[in-house]
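Student: No letters, just coordinates:
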C-alpha cells in the first residue's frame, strides 16, 4: 500500500500573489506534487482556462455539489463561490500523491477542520503597504471593493496563527523555493518514515 | 531583543557518517548556523585539531565539568566521554544564532530532556547492510568492537521515533541539502514569525 500523500494548502490575504506563486510552482517540471483545481462560479478572467485555472460552474451546479457533500471546502467571496471537489483530492492522497490547494482563507479553515493533518502555508505580503499597492495596482476593481479587501486582509493576517508556516512573498522564486522546502521537510518527519525502517530491521 | 536561535541536533548510529555530513555543511560558506564543538576524552585521530574537531580533555577535567553542571549533555561511549559545554550553546541561542550539534544518540536524548524545543534530526544509513560495510570499512577497530557497534546501531535505529526528522545519508550533498531545508523550514513556522507580523499590524 502506498504511503498516503500530503495535503498542502497555500492560502493568504487576497492580492498577496497566491496565484502567481502557484503558477511558478507548477511551471517547474521538477515539482512532484499535483495541483488541485478549484471550482468557482466567478467569470473567467482573460486567459483563464476551464479545467486548468478553475472548473467554472454556475451557482446551481455549485450548490448541488455542496448539498451532496462533494466539496472539501467552499466559500462565498466577493459574490462568488470558490471550492475544492472532495473526491479528486481523496483519491490522489490515497494513491500516495501530494496534493496542492491554493485557496482563500475561509476555505483553508474548513479544510483544516476536515483534514487537520494537512500542511497549512500562509503566504504573506512583504509589508502591508505593499499589499495595498498590489490590490490597487491590479486596477480592475472599484475603490470600495479595494477598501473592503484591505479590511479583509487585515483580519486575515491575524489568522496566521492557525497556519503551520508563513512564507513571505517578496521574491516569487524565493517563495516557491521555500514552499518546496516545506513539502520536502514534511516528508522527512520520522512519523512518516518510521515504518520503512521498521521493515528494514526485520531483515537485519 | 533578538529572536532566539534554533538548537539543531544531528545524531544517528555510529558509523552512519555524521562527521562527514557535518563537515560538508560547514564547508559551505552559505551555512548560516554555527557548529557547537564537542568535548571528548578520546584521543585525537589523525588530522583532528583541538578546538576545531573537538575540545580534547582528560577524564578528570571532563568529570569536573559534569559535576559543576557545565555540560548540556555527555555520554560515555566505547570507553570515552563525549559532551557539549552548556554555556557556549546558551549564549549563542540567546543572541539569535542557530547552533548545530553533531552528537551520539545518548547525548541527543539528554539534550531532548533539557531542551525539548530543539530540532532533532536522525541520520540513517541507506540500508543496514551498508551500515555494516561502513563500520568494517573504517578498518581501525577490532572485530568485537565492530559487532558491539552493530548491536548498538540496531538499538539506535529503533530510537528514531524520538527524533523529529530522519535523513538518509545516501549521497552526502543530498543529506546536507535536506538538513539545511529542515532548518530553513523550521524558521518558517508561524509560532516563530507571528510576533513580527503583529508588530507590522500596529502601524496599519
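Tutor: Cool, got the structure. Computed from a prediction, not measured in an experiment: that's the story for all the values here. Residues are numbered from 1 along each chain as shown, chains lettered A, B, ... in the order given.

Student: In chain A, what residue spans correspond to strands?
Tutor: Secondary structure of chain A by DSSP state E: the strands cover A:7-11, A:34-35, A:38-40, A:54-56, A:71-77, A:80-85, A:99-102, A:119-124, A:165-168.

Student: between the ones you listed, which gets nearest to residue B:46?
Tutor: Nearest to residue B:46, of all those, is strand A:165-168, at 44.1 Å by CB to CB. Backbone N, C-alpha and C define where each C-beta goes, glycine included.

Student: list the helices and strands the closest one packs on?
Tutor: Judged by 3 or more CB pairs under 8 Å, 6 or more residues apart in numbering or on different chains; DSSP states H and E, the packing partners of strand A:165-168 are strand A:119-124, helix A:172-187, helix B:190-202.

Student: Report the spatially nearest residue to the closest residue to chain B within chain A, omitting neighbours in sequence.
Tutor: When scored by CB to the nearest CB, chain A has residue A:185 as its residue closest to chain B, at 4.0 Å. The shortest distance from residue A:185 to any non-neighbouring residue, by CB to CB, 6 or more residues apart in numbering or on different chains, is to residue B:185 (4.0 Å).

Student: Can you spell out which residues form a bridge with the residue most central in space within chain A?
Tutor: Nearest to the mean C-alpha position of chain A, by CA atoms, centre = their mean, lies residue A:102 at 2.3 Å. Applying DSSP bridges to residue A:102 gives these bridge partners: residue A:10.

Student: Touching, it and residue A:20? I think so.
Tutor: No: between residue A:102 and residue A:20 there is no contact under CB atoms under 8 Å: 10.1 Å.

Student: got the residues of chain A near chain B?
Tutor: A:122, A:124, A:127-128, A:154, A:157-158, A:160-161, A:163-167, A:178, A:181-182, A:184-186, A:188-191, A:193-194, A:197, A:200-201, A:203-204 (CB under 8 Å from any CB of the partner chain).

Student: Need the buried ones from those selected in ChimeraX.
Tutor: Only the buried members of these enter the following ChimeraX selection, criterion being 16 or more other CB atoms under 10 Å in any protein chain shown:
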select /A:122,124,128,157,160,163,164,165,166,167,178,181,182,185,186,188,190,193,194,197,200
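
Student: Specify the beta-bridge partners of the closest residue to residue A:107 other than its chain neighbours.
Tutor: Distances taken as CB to CB, 6+ apart put residue A:73 closest to residue A:107, at 4.0 Å, once the chain neighbours are dropped. Listed by DSSP bridges, the beta-bridge partners for residue A:73 are residue A:84.

Student: wait, what's in contact with residue A:93?
Tutor: For residue A:93, the contact set (CB atoms under 8 Å, 6 or more residues apart in numbering or on different chains) comprises A:4-7, A:99.

Student: OK, contacts around the residue nearest to residue A:107?
Tutor: Neighbour list for residue A:73: A:83-84, A:103, A:106-108, A:110-111, A:114 [criterion: CB under 8 Å, 6+ apart].

Student: would JSON lines of these with neighbour count and pLDDT be doable?
Tutor: Below are these laid out as JSON lines (neighbours: other CB atoms under 10 Å in any protein chain shown; pLDDT from 0 to 100):
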{"residue": "A:83", "neighbour count": "25", "pLDDT": "91"}
{"residue": "A:84", "neighbour count": "24", "pLDDT": "94"}
{"residue": "A:103", "neighbour count": "25", "pLDDT": "88"}
{"residue": "A:106", "neighbour count": "17", "pLDDT": "84"}
{"residue": "A:107", "neighbour count": "23", "pLDDT": "88"}
{"residue": "A:108", "neighbour count": "25", "pLDDT": "92"}
{"residue": "A:110", "neighbour count": "18", "pLDDT": "92"}
{"residue": "A:111", "neighbour count": "20", "pLDDT": "95"}
{"residue": "A:114", "neighbour count": "11", "pLDDT": "91"}
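
Student: Dump these into JSON lines; add distance to residue A:44 as well.
Tutor: Compiled in JSON lines, the contacts of residue A:73 are given as follows (distance: CB to CB, whole Å):
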{"residue": "A:83", "distance to residue A:44": "16"}
{"residue": "A:84", "distance to residue A:44": "18"}
{"residue": "A:103", "distance to residue A:44": "18"}
{"residue": "A:106", "distance to residue A:44": "22"}
{"residue": "A:107", "distance to residue A:44": "19"}
{"residue": "A:108", "distance to residue A:44": "23"}
{"residue": "A:110", "distance to residue A:44": "24"}
{"residue": "A:111", "distance to residue A:44": "24"}
{"residue": "A:114", "distance to residue A:44": "28"}
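
Student: Low-confidence stretches in chain A?
Tutor: Scanning chain A for pLDDT under 70 picks out A:1-2, A:127-132, A:134-135, A:137-139, A:153, A:198-204.

Student: Just the residues contacting stretch A:97-116, thanks.
Tutor: By CB under 8 Å, 6+ apart, the residues outside stretch A:97-116 that reach it are A:5-14, A:18-19, A:21-22, A:25, A:32-36, A:38, A:72-75, A:77, A:82-84, A:89, A:92-93, A:118, A:120, A:156, A:159, A:162-163, A:183.

Student: returning to that earlier point: if any of the contacts of residue A:93 are buried, put those into a ChimeraX selection.
Tutor: Applied in ChimeraX, the following selects the buried portion of the contacts of residue A:93 according to 16+ other CB under 10 Å:
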select /A:5,6,7,99
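
Student: between the contacts of residue A:93, which is closest to residue B:59?
Tutor: residue A:6 (48.5 Å).

Student: Please tell me how far the closest one sits from residue A:18.
Tutor: Note on residue A:6: its distance to residue A:18, by CB to CB, to the nearest Å, is 18 Å.
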